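[1] structure for the following, please:
(chains A and B)
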Amino acid sequence: MLADTVRSFLEATVEMDSVREASLARGAIHRPAWEGLAELGVVGLHIPEAYGGAGYSFVETAIVFEELGRRVVPLPLLSCVLASAAILAAGTESQKARYLPPIASGGCIASLAVFESAHDLSPLATRAVPDGDGWRLSGTKRYVTDASRAEAFVVAATTGDGVGLFFVQAGADGVTVTPTPSLDATRPLGEVALDGALVSEDAYLGGAANGEALRSALDAGVVALAQEQAGGAQRCLEISVEHAKSRFQFGRAIGSFQAVKHMCADMLVAVEHAKSAAWHAARTLEDPEESPIAVPLAKSVCSDAYVYVAGEMIQILGGLGFTWEHDAHLYFKRAKSNSLLLGSVDSHRDRLSDAIGI
Amino acid sequence: MSEPRDEAGEVGRALDTLLGTYPPGTTEPKEFWGAQFDAGLAWVDFPPGEGGLGVSPSLNELVSRRLGDADAPTWNRTANILGIGMGAGVLAAHGTREQRRRWLRPMFTMEEIWCQMFSEPGAGSDVASLATRAVRDGDEWIVNGQKTWTTLAHLATWGLLVTRTDPDQPKHRGMTYFVVDMRAEGVDVRPLHQITGEAEFNEVFFDDVRIPDDQRIDDVGAGWRVVMTTLMNERVAIGGRTVPRNSGMIGVAMETWNESGSGDVGTRRELARLWGEVEAMRLTTLRAAENMRTGVPGPEGATAKLAWASLNKEVTSFTVSMLGLEGALIPEGYTLEPTTYDTREVERVMSPQRAFLRARANSIEGGTSEIMRNILGERVLGLPGEPRVDKDLPWKDVPRG
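    Residues are numbered from 1 along each chain as shown, chains lettered A, B, ... in the order given. Next up, the predicted model:
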């Protein structure tokens, strides 16, 4: 039901040509799609009703991401999910009541500013130092999704007492946002420089241990991303099969040649495995026993599957798949970029190894 | 409006009664299986009286989970896999009520072992080109020819046999399917020694073997249809079983890693990658089982067979590599022994080295991986078939060799 609604909305609203155009404008968002989805209540699906959301489990959000993945739409939903999940996990009642409703309605685009180095999470160099009634933040966050369109960030910084999460307005003094040309221009990344930016005491999310809250926000992001990867991979398979049926060479549809047919069959297996891993992670996200296995499993299986399937798609499409005019590159770039976001595949394999006891 | 039937509740209650009356710890396996069959818990989707309860096949999953939890004997499914995994599905879809009542129960209790005879020296991937002839003689058929790669033929009471009955028809049309008594006069079973030295498989020769017509399955000339059912069941039986996490060779790989004491990051990540692939495959079979409504496996069973074959080869090869030079030894040695299928053998754990060798068959037996990819490409994804030179020619005019 939800999947059908979102799919038909996106098919009616998002021309693939407009995705390609949007990808040329750095930091672009597909406005009609974003506003329409916000109106459908999709942005706040996982946010409790008390904070302006719909109060569903994460499975519903996962369904939406599978559909979004099919069309590589430039939308800041992943950023909003990451930021809102962090606030949900770390905020006090009053902070959640203040910060979440604008995100749930789609009115405030927020993102999570955590990564600094290209290779790992810790130790964070960004520091938060108490200053009068508030905190002063210094450091540079990189690879922040949708940075140049975000109106607010949840920033991870070292407080001297571990990791602290801070709600920071993009327009605040001492905050400079610089877009960075991104491999996947439909999900642009940027830098957020904090040069002694002063935030109030209330910006420090003080409801729970922030390090754990950050982990759970990232895990929610990984699950959303895994669904997007499964949906994208499924679409790449469909594009490949459609082409293999309609492209004729040597007097035959190229899909009748085993060399091409067998590629499609192997892609099908990878897609089915990705869907299974992604769904399992979505269903068990709240299960403390299973999610330490299911989350890194989903990230590693879905990343490999999407990169592989998107690459094979270009090969099946031949020269056509190498052109800017065809959609293939949008998926291929999204696939590679996704595999690098929110922790590398190797880092997730290491987490998985710990969780399964090897 | 009648009350909707509470199928899960019905199966649950039948399981409670079975496990209560026949505690697995103190009941002989044969007796337990007989009771399981009589309770309709052998294949819950089969009709009552034929090992089932006439409920949704998705509930078979519940049965295997509950029996697993209760430590009940379930190795009949592996030990008599050609019967329970394939023959039963064939009898359900194509057999008569009399045939099902005669064969299903002793099959399930392992009193009668089954084998399957499709492949021939001249008919491997192209099974439909097979040449074993059956000629009608009154109420009987007379069979002559040779089958090969027949698992369990040396222990079997019954065999599933497909024959050529009309050589003038194109190859797919002139076949007829039988159940043959493996102890009948004229049946000669000879072991076929394989890469591990064992003989799991056999060659079977038919010399004027007589089969009563009431052991024919489905119509004369309808053999290919029955073959397709058998093969789809086979793919599910080989690749599509829902198994617990860490079972099979990936569990052996994990133990091997942990016992090695190695701290090599690359090896650990590769093991985690393989673990993830195996787990994603396992989750896919679980998802397929949940979605299975009809009880008749579809062509998507080929996904599981294809994935399992390549992963099992990878995992076993990787495990032998983790053993270092120890991997250059084979603890069992090579002895040319026929495989026996009593409990001990079924539950036997092979050495990783032997499993590594055995795994080479995974992408050949039960349909090669190339054939699986054709099935997925053509029957699941809808891609066009290869041009066929033999499709409309009478079988007798098709070149062979």
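
[2] got the domain ranges for chain B?
    The record's domain split for chain B, according to automatic domain parsing, is B:7-108, B:114-223, B:228-380.

[3] what about residue 281, which helix or strand?
    Chain wasn't specified; assuming chain A. Under the criterion DSSP states H and E, the helix or strand holding residue A:281 is helix A:258-283.

[4] actually chain B
    Using DSSP H and E, residue B:281 maps to helix B:265-291.

[5] ok so, going back, quick one: which of the domains of chain B is nearest chain A?
    Checking the domains of chain B against chain A by C-beta to the nearest C-beta gives domain B:228-380 as the closest, at 3.6 Å. C-beta here means a position set from N, CA and C on the backbone, and glycine is covered the same way.

[6] grab the nearest non-local neighbour of residue B:32.
    In this structure, residue B:32 finds its nearest non-sequential neighbour in residue B:22, 5.2 Å apart by C-beta to C-beta, 6 or more residues apart in numbering or on different chains.

[7] pLDDT value on that neighbour, please?
    According to the prediction, residue B:22 has pLDDT 97.

[8] what does residue B:165 give?
    According to the per-residue confidence, residue B:165 scores 97 in pLDDT.

[9] identify the bridge partners of the closest residue to it other than its chain neighbours.
    Of all residues beyond its chain neighbours, the one nearest residue B:165 is residue B:176 (4.2 Å), with distances taken as C-beta to C-beta, 6+ apart. Applying DSSP bridges to residue B:176 gives these bridge partners: residue B:163.

[10] I'd say residue B:176 and residue B:163 touch.
    Yes: contact criterion C-beta atoms under 8 Å: residue B:176 and residue B:163 qualify, at 5.7 Å.

[11] for the stretch 51-200 of chain A, which segments count as helices?
    Counting by DSSP state H, counting those that start in this stretch, the segments of the stretch 51-200 of chain A that form helices are A:58-71, A:77-90, A:93-104.

[12] show me where pLDDT drops low in chain B?
    By pLDDT under 70, the weakly predicted segments of chain B are B:1-2, B:235-241, B:292-300, B:341-348.

[13] what residues does it have near chain A?
    On the criterion C-beta under 8 Å from any C-beta of the partner chain, chain A has as its neighbours in chain B the residues B:246, B:254, B:257-258, B:265, B:268-269, B:271-273, B:275-277, B:279-281, B:283-284, B:286-287, B:303, B:306-307, B:370, B:372-374, B:376-378, B:380-387.

[14] in stretch A:105-125, what's buried?
    Within stretch A:105-125, the residues that qualify as buried by neighbour count (16 or more other C-beta atoms under 10 Å in any protein chain shown) are A:105-106, A:108-116, A:121, A:124.

[15] which one's the longest helix in chain A?
    Secondary structure assigned by DSSP state H gives helix A:210-246 as the longest helix of chain A.

[16] show residues contacting the following helix or strand past it.
    Next helix or strand after helix A:210-246 toward the C-terminus (DSSP H and E): strand A:248-249. Strand A:248-249 is contacted from outside by residue A:254, using C-beta atoms under 8 Å, 6 or more residues apart in numbering or on different chains.

[17] residue numbers of chain A in contact with chain B?
    Those residues of chain A that sit near chain B, judged by C-beta under 8 Å from any C-beta, are A:237, A:241, A:244-245, A:252-253, A:255-258, A:260-262, A:264-266, A:268-269, A:272-277, A:279-280, A:297, A:300-301, A:304, A:346, A:349-350, A:352-353, A:356-358.

[18] just the buried ones out of these, please.
    Buried subset of those (neighbour count, 16+ other C-beta under 10 Å): A:237, A:241, A:244-245, A:253, A:255-257, A:260-262, A:264-266, A:268-269, A:272-277, A:279-280, A:297, A:300-301, A:304, A:349-350, A:352-353, A:356, A:358.

[19] now the angle from the worst-scoring helix or strand of chain A on mean pLDDT to helix A:58-71?
    Sorted by mean pLDDT, DSSP states H and E, the helices and strands of chain A end with helix A:16-24, the least confident at a mean of 81. Taking axes from the mean of the first three to the mean of the last three C-alpha atoms, to 10 degrees, one finds helix A:16-24 and helix A:58-71 inclined to each other by 90 degrees.

[20] show me what counts as buried in helix A:16-24.
    A:18-20, A:22-23.

[21] which residues does the residue nearest to residue B:165 contact?
    Listed by C-beta under 8 Å, 6+ apart, the contact partners of residue B:176 are B:134, B:141, B:162-163, B:165, B:216, B:219-223.

[22] in terms of contact, does residue B:29 touch residue B:73 like I think?
    Yes: at 4.1 Å, residue B:29 and residue B:73 qualify as touching, with contact defined as C-beta under 8 Å.

[23] skipping adjacent residues, who's closest to residue A:18 in space?
    Nearest non-adjacent residue to residue A:18 (C-beta to C-beta, 6+ apart): residue A:30, at 6.7 Å.

[24] then residue A:167?
    Leaving aside its sequence neighbours, residue A:167 is closest to residue A:203 (4.8 Å, by C-beta to C-beta, 6+ apart).

[25] for the stretch 51-200 of chain A, give me the ranges with low pLDDT.
    Regions of the stretch 51-200 of chain A meeting the criterion pLDDT under 70 cover residues A:121-122.

[26] ok, which stretches of it are strands?
    Assigned by DSSP state E, counting those that start in this stretch, the stretch 51-200 of chain A shows strands spanning A:110-113, A:127-131, A:134-145, A:152-158, A:163-169, A:175-180, A:189-200.

[27] so which elements touch the fifth one?
    Looking back up the chat, that one is strand A:163-169. If you count contacts as 3 or more C-beta pairs under 8 Å, 6 or more residues apart in numbering or on different chains; DSSP states H and E, strand A:163-169 packs onto helix A:77-90, strand A:134-145, strand A:152-158, strand A:189-200, helix A:210-246.

[28] which SSE is immediately downstream of the helix or strand containing residue B:99?
    Taking DSSP H and E as the criterion, the element that holds residue B:99 is helix B:97-108. The C-terminal neighbour of helix B:97-108 among helices and strands, as given by DSSP H and E, is strand B:114-117.
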